[in-house]
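Peer 1: no sequence for this one, just the structure:
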């Protein structure tokens, strides 16, 4: 089976790379993409990943962020289709990643632990949101996220980041 993991920034690289590793260890093909941002690519490289860079900085204005997200979404769709077709599932915490998964018709999963994030793209994409139990589901529901697509997990995303590491 083929899976896709999309990484947007260095903190995400810390907790999404163990997921990619686990999927590979279970015998799956895993495509890892990352926004072309040196610190993100470095963290992934330090964790043994060889991501395909897609997209760069979007700029600071709301309009440039929207355009950048849509351009990266289109680039991701083309790349993923050409490399693995339709992924069995997608794990991404980027707006462009979950929107691309929607276009590809790949089930997507997003890990969020900050209830203050703007959820519009995540709601529209149909992604399943995974959140720590310490963040009440009601925080996301109040912002329009469907309860049926919310699942809590014990601990924090940092528990995922440090899984398998000898400290």
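Peer 2: Yep, it's here. Here the structure is a predicted model, which means the values were calculated and not measured.
Peer 1: in space, not sequence, find me the middle residue of this protein.
Peer 2: residue 92 (1.3 Å; Cα atoms, centre = their mean).
Peer 1: quick check: phi and psi at residue 9.
Peer 2: Per-residue torsions, residue 9: phi -150, psi 170 (degrees, to the nearest 10).
Peer 1: same thing with the one 3 residues further on?
Peer 2: Here the main-chain torsion angles of residue 12 (degrees, to the nearest 10) amount to phi -60, psi -40.
Peer 1: now the one 10 residues further on
Peer 2: Here is the backbone geometry of residue 22 (degrees, to the nearest 10): phi -60, psi -40.
Peer 1: show the pLDDT at it.
Peer 2: Note on residue 22: pLDDT of 94.
Peer 1: distance-wise, check it relative to residue 3.
Peer 2: 10 Å (Cβ to Cβ, to the nearest Å). Just so you know, the C-beta spots here come from the backbone N, C-alpha and C atoms, and that holds for glycine as well.
Peer 1: where exactly do the helices run in the chain?
Peer 2: Taking DSSP state H, the helices of the chain run over residues 10-25, 38-46, 62-84, 95-104, 120-125, 137-141, 157-161.
Peer 1: ranking these by burial, who's on top?
Peer 2: Among the helices of the chain, helix 95-104 has the highest mean neighbour count (mean count of other Cβ atoms under 10 Å), at a mean of 25.
Peer 1: can you give me how far that one is from the chain middle?
Peer 2: How far helix 95-104 lies from its chain's middle: 10 Å, per Cα atoms, centre = their mean, to the nearest Å.
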